[in-house]
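J.: structural data only, the sequence is not supplied:
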């Protein structure tokens, strides 16, 4: 099982740069890059809420579940 992070897709759809989003949600560009690549163990709900508010989307637009056995 795997969680797929589609943050880069949503950012592209909204024409938002990493620098702009990182500044808006008050995290470093390096941490945002790790999040976009799915290289983090977890994400705070507060951070997820800020991302969703800024990009005007739902958490399900950013995160998806993929069952490896399918």
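T.: Arrived safely, thanks for sending. Everything numeric here is computed off the predicted structure, so don't read it as measured data. Residues are numbered from 1 along each chain as shown.

J.: ramachandran angles for residue 37?
T.: Note on residue 37: its backbone torsions stand at phi -90, psi 0 [degrees, to the nearest 10].

J.: neighbours of it, how many?
T.: 11 (other C-beta atoms under 10 Å). No exception for glycine: its C-beta is placed from N, CA and C like everyone else's.

J.: was I right about it contacting residue 4?
T.: No - with contact defined as C-beta atoms under 8 Å, residue 37 and residue 4 do not form a contacting pair (11.2 Å).

J.: wait, a strand at residue 4?
T.: Yes - judged by DSSP: H, G, I helix; E, B strand; the rest coil, residue 4 forms part of a strand.

J.: how about it, what does it touch?
T.: Going by C-beta atoms under 8 Å, 6 or more residues apart in numbering, residue 4 touches 38, 63, 64, 65, 66.

J.: same list (those residues) but as TSV, adding distance to residue 14 and secondary structure.
T.: Below are those laid out as TSV (distance: C-beta to C-beta, whole Å; DSSP: H, G, I helix; E, B strand; the rest coil):
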residue	distance to residue 14	secondary structure
38	19	coil
63	16	strand
64	18	strand
65	23	strand
66	23	strand
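
J.: which pair of those spans the longest distance?
T.: 38 and 65 (12.4 Å; C-beta to C-beta).

J.: most neighbours of all the contacts of residue 4, which one?
T.: Neighbour counts for the contacts of residue 4 (other C-beta under 10 Å) peak at residue 63, which has 15 neighbours.
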